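J.: Output the structure for:
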Amino acid sequence: MRKVTLLEQSSLNRGMMPLKEHIPASPSSGSDSSDEIEERADAYLPSAQKRYCHACLGLVAFTTLAVTVPTCVWGVVDPFASISAGYTVSVLLLQYWMMEWPQCDSRPIGLLLAAALVFTLPTALASFLNWSIRVRIAAFILDVTLAACTYVLTIRGPAYEPEKNAMAKRTVIITGCNSGIGLVTAKTLAKSGATIIFACRTESKAKEAMQEVLEEAATHGVTESQLKFMQLDLSSLSSVRCFAQKFQNECEELHVLVCNAGAFFPTKSVTQDGLDSCLASNHFGHFLLTQLLLPTLLATEKKGGEPRIVSVSSCLAYEQRAFDFSQACKVNDDNKAAFLEDPEYEVFRAYGQSKIAGMMCLRELASRLQEHGSEIPVNAVHPGEIDTNITGSLHPALAYLTKIFKPFVRMMLKSPYQGSIGTVFASTSLEMATSNHMAGEFLMRLEPIRANEAWLNDADCLKCWNVSIALTGAPDAVGA
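T.: This is a model prediction of the structure:
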């Protein structure tokens, strides 16, 4: 049976449901209607992936208790086995809680069974063999092996390095690349020959990052001419327009657009454009930037440049099952107070909602590009849970604890280099060179995973696209 493509599926779904242009309304200064309240409540219900992860959390907790209690009461508790099994269980609990395994996978289940075996093995060996030095050494080797496998499979993830000079004569825009995984991505791509546009808000920080790249990558032949700074504040629509205009004036081609920048907002706020700050910085800014640069990307494609669009997303896009359209609106002085008085606002939920919006528009863009005969691949990657300075935008206590327990944190979270592998893979791999290979997908550990129902709903994806066009004033470069 022939596989239905993303374009064909989108066309089929649209044929079943006529769509009207959605014009976003300003938030009401009064109370919401019962239908609006119910619609918003439905948007925040957990997704199927979150329910699956919660079930796995229960499985890990139940298995841990079922194995630990009898062993501690009647068996032999070996300290090394306890540390190794405890580390594995802790990582699994954290990653299921953070939805790092949103679909059925044998690897974490295998690690859970291995942890149970390692923890109970000393009891079995003591019952049937003498707990001699040789037996203890063999058991210790198993303990170390389990801990190493846990780290490699869950924290480090798959390894990938682009070929030497794979990005020669190619221009790459990376937003927010003055630190974290964006900076490491810039280093890696520069080493492989790319010209990097540092699309950052603060010039001084970007220049420091560029100098760091030059110092670290000098042995790879990276020159100062490969690194360029262009100011970009994604929370400001005028800044996005100025950046796009400046880039198009100075550069003729664009081969990779990496929408990397992201930010948490502990409290609800509004930008100068009257948009929710979290949505503006994490979605609307990148949406407008992509629309403005699409003509350059399409022109590059006509020259045989095989351009790509890569969005750095988050597993929090799987937190809820739908997007709350009530937050995608224009706020003015008359209704600003009512909009900001949101008792249900929560930092991670707001961030997840911005990533859901990004995925909905990403999938819509992928369909539209295919519909217009373009093979530009548009995909999202989840970098994993990373120890970066993004925690600085969270509660000060959390940032402080992260610094104090840095060695322990590095055992539970990825390094920026490990987190950048997915972005580098999507930007350089031949497996993702065109949309014929992959388009509109969400990648974890370099593999596409099952989509959230939020961006499988073509009607809502189109609605989110129209809302984004209306609120940003973006040109519809690939209008239906």
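J.: For Cys251, grab phi and psi.
T.: phi -130, psi 140 (degrees, to the nearest 10).
J.: Please apply the same query to Lys330.
T.: phi -90, psi 130.
J.: surely it meets Leu279?
T.: No - Lys330 is beyond contact range of Leu279, at 11.7 Å (criterion: C-beta atoms under 8 Å). All C-beta spots, glycine's among them, are computed from the backbone N, C-alpha and C.
J.: Mind giving me the packing neighbours of the helix or strand where Leu183 lies?
T.: Leu183 is located in helix 180-191, with elements delineated by DSSP states H and E. Applying 3 or more C-beta pairs under 8 Å, 6 or more residues apart in numbering; DSSP states H and E, we find helix 180-191 packed against strand 171-175, strand 195-200, helix 203-216, strand 256-259, helix 416-428.
J.: try 10 Å
T.: In this structure, helix 180-191 packs against strand 171-175, strand 195-200, helix 203-216, strand 256-259, strand 308-312, helix 416-428, with contacts taken as 3 or more C-beta pairs under 10 Å, 6 or more residues apart in numbering; DSSP states H and E.
J.: Report the set of residues contacting both of Lys330 and Leu279.
T.: Leu471 (C-beta atoms under 10 Å, 6 or more residues apart in numbering).
J.: Settle it for me: which of the two has more neighbours?
T.: Higher neighbour count among Lys330 and Leu279: Leu279, with 27 against 16, using other C-beta atoms under 10 Å.
J.: Please state the offset of the helix holding Leu183 from the chain centre?
T.: With C-alpha atoms, centre = their mean, to the nearest Å as the basis, helix 180-191 stands 16 Å off its chain's centre.
J.: Correct me if wrong: Leu456 contacts Arg450.
T.: Yes - Leu456 is within contact range of Arg450, at 9.3 Å (criterion: C-beta atoms under 10 Å).
J.: mind listing the helices in the stretch 101-250 of the chain by residue range?
T.: 106-128, 133-150, 180-191, 203-216, 237-250 (DSSP state H, counting those that start in this stretch).
J.: Need the winner for burial among those.
T.: Among the helices of the stretch 101-250 of the chain, ranked by average contacts under mean count of other C-beta atoms under 10 Å, first place goes to helix 180-191 (a mean of 26).
J.: After the helix or strand Lys50 falls within, which helix or strand is next?
T.: Assigned by DSSP H and E, Lys50 belongs to helix 48-74. Sequence order places helix 79-97 as the next helix or strand after helix 48-74, per DSSP H and E.
J.: Give me the mean pLDDT for that next one.
T.: Averaging pLDDT along helix 79-97 yields 95.
J.: now swap in stretch 356-373 and tell me
T.: 96.
J.: quick one, phi psi at the residue of the chain positioned farthest from its centre?
T.: Relative to the C-alpha centroid of the chain, counting by C-alpha atoms, centre = their mean, Asn130 is the outermost residue, at 50.4 Å. Here is the backbone geometry of Asn130 (degrees, to the nearest 10): phi -70, psi 130.
J.: wait, doesn't Leu146 sit right on Ser84?
T.: Yes - using C-beta under 10 Å, Leu146 and Ser84 qualify as a contacting pair, with a distance of 4.8 Å.
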